[in-house]
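A.B. asks: Take a look and give me a structure for this.
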Amino acid sequence: MSDSASTPKPHHHHHRHPHPEDAVFLKEVLTPSEPAGPTAEVYRIAGYTDGLVGVTGCDALRPHYDSGLKWGGAVAQPGDACWDSGVAGGITWDGTFYRDLARYAGSGELFWSAYLKPGSGPGMKNGYWLNFGSGWSHLANDDLAQILSGASQRICYDSAAGQWKLVIEATMFVTNAVVNVWTGVKVGGSDPVGIYTRVSGADPLAALTIEAG
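C.D. replies: Purely as a prediction, here's the structure:
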C-alpha cells in the first residue's frame with residue numbers, strides 16, 4: 001500500500017461570506033435601536049416644588065475625610081461641621097431639563113440637562129450653580145463640554161440598556177465630589193415622558209414622573 005493511499009487527505013473548509021441581508025438582520029436584532037421620537041426641547045418633573053428631591057440635612061454632603069483639603073486649619077473629618085443647607089450663591093432649580101445641540105451635542109439628540117436653560121451662562125447667578133432641596137449642584141469649571149464631569153440634573157437615553165434614565169446629582173461641600181441624589185429609569189417609550197422608578201440615590205423617593213415642558 002502506498003503512503004499516499006494511507007495518509008489522510010486534509011479537508012478543505014469552505015467559508016461562506018455573509019450576505020448584506022445578514023448584516024442588516026444582526027444590526028436590527030443585536031443592536032438596540034434608539035427611539036425615533038417625537039421629543040420636545042423641554043421636559044420637567046411633574047408637580048415639582050423645591051425640596052421634592054434632595055438630600056436632607058448635610059450629612060451626605062460632608063467633605064471627604066481623606067480629601068487632603070483643610071477645614072478650619074485641619075484636614076477635614078467626617079464629623080466636622082459644614083455650611084448651612086445650600087450655598088449663598090446660585091439660583092433655585094425648578095425641576096426643568098433642556099436640550100440645546102448647538103451648545104452641547106456631546107450625547108446626541110436624546111439628552112437634556114438643567115444647565116442648558118436658554119440664557120444660562122457661567123457663574124452663580126447665571127444658571128451654572130443650582131440650589132435644590134438641601135443641596136446644590138455645580139457645572140464642572142463652568143464648561144458645558146464637561147456636563148458629565150460635574151454634578152448635574154439630566155435625562156438621557158441609555159442605548160446599551162435600552163432605557164431612559166433620569167439622574168439628579170448634588171455637589172459635596174468643600175471637595176466638590178458628586179453625590180447621587182436620585183437615579184431612576186423608564187423602559188420603553190418614544191420619548192422621556194413617563195414614570196421613572198428609583199434604582200439608586202440618597203433620596204428614597206420611589207418614583208418621579210416626567211412631562212413635556
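
A.B. asks: Look up which residues are beta-bridged to Glu169.
C.D. replies: In this entry, Glu169 is beta-bridged to Asn180, by DSSP bridges.

A.B. asks: Name all residues that make contact with it.
C.D. replies: Shown in contact with Glu169 (Cβ atoms under 8 Å, 6 or more residues apart in numbering): 137, 151-153, 178-181. In short, each C-beta sits where N, CA and C put it, glycine included.

A.B. asks: which one of these has the most neighbours?
C.D. replies: Val181 (26 neighbours; other Cβ atoms under 10 Å).

A.B. asks: so who does that residue touch?
C.D. replies: Val181 touches 53-55, 133, 135, 168-170, 201-203, counting by Cβ under 8 Å, 6+ apart.

A.B. asks: number of nearby residues for Ala207?
C.D. replies: Residues near Ala207, counting by other Cβ under 10 Å: 10.

A.B. asks: Does it touch Gly184 like I think?
C.D. replies: Yes. With contact defined as Cβ atoms under 8 Å, Ala207 and Gly184 form a contacting pair (6.8 Å).

A.B. asks: what is in contact with these two at once?
C.D. replies: 196-198.

A.B. asks: Need the contacts of Glu169 in TSV (columns: distance to Thr92 and pLDDT).
C.D. replies: Formatted as TSV, the contacts of Glu169 follow (distance: Cβ to Cβ, whole Å; pLDDT from 0 to 100):
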residue	distance to Thr92	pLDDT
Ser137	12	88
Ala151	16	91
Ser152	16	93
Gln153	12	96
Val178	20	88
Val179	18	89
Asn180	21	93
Val181	15	94
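
A.B. asks: about what we covered before: next step: the shared contacts of Ala207 and Gly184 restricted to strands.
C.D. replies: 196-198 (DSSP state E).

A.B. asks: List only buried entries from these.
C.D. replies: 196, 198 (16 or more other Cβ atoms under 10 Å).

A.B. asks: just curious, which of the ones in strands among the shared contacts of Ala207 and Gly184 is nearest to Ser190?
C.D. replies: Proximity of these to Ser190 (Cβ to Cβ) peaks at Tyr196, which lies at 15.6 Å.

A.B. asks: Next, count neighbours for Glu41.
C.D. replies: Using other Cβ under 10 Å, Glu41 is surrounded by 14 other residues.
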